[in-house]
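Peer 1: Fold the following.
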Amino acid sequence: MDKRIGIVGIVIEDLSCVERVNLVLHEYAELIVGRMGIPYRERGVSVISLIVDGSNDQFSALTGKLGRISGASVKSMVTKN
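Peer 2: Predicted coordinates:
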């Protein structure tokens with residue numbers, strides 16, 4: 001399995017989806033190396049950044065599940081090697 005390091009950015013625009021986001025993150029906890037969450041109260045959003053280490057298939061599964069949660073926007077980037 002070809003493992004890569006990646007970054008996942010999540011913007012929570014609707015705070016009612018936070019529990020579903022956290023459930024997905026818990027499901028993929030073995031991939032997460034680091035996590036930082038910042039509430040941006042002035043804009044009414046929260047931002048979560050993740051450092052992850054895993055295969056492309058694992059990244060796709062994680063970001064796919066997160067991307068299907070209404071109220072959350074997700075972007076990711078992975079290393080080439």
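Peer 1: And stretch 57-73, how far out from the chain middle?
Peer 2: Centroid separation for stretch 57-73 versus its chain: 7 Å, with Cα atoms, centre = their mean, to the nearest Å.
Peer 1: tell me what the longest helix seen in the chain is packed against?
Peer 2: In the chain, taking DSSP state H as the definition, the longest helix is helix 56-67. Judged by 3 or more Cβ pairs under 8 Å, 6 or more residues apart in numbering; DSSP states H and E, helix 56-67 is in contact with strand 4-12, helix 18-27, strand 45-54, strand 72-78. All C-beta atoms are positioned from the backbone trio N, CA, C, and that covers glycine.
Peer 1: so where's this structure uncertain?
Peer 2: For the chain, the stretches with pLDDT under 70 are 1.
Peer 1: Taking the chain centroid, which residue in it is the extreme one?
Peer 2: Glu42 (22.0 Å; Cα atoms, centre = their mean).
Peer 1: how about that residue, secondary structure?
Peer 2: Secondary structure, DSSP: H, G, I helix; E, B strand; the rest coil: Glu42 is coil.
Peer 1: dump the residue contacts of Gly6.
Peer 2: For Gly6, the contacting residues are 51-54, 59, 76-79, by Cβ atoms under 8 Å, 6 or more residues apart in numbering.
Peer 1: can you tell me how far it sits from Ser73?
Peer 2: 17 Å (Cβ to Cβ, to the nearest Å).
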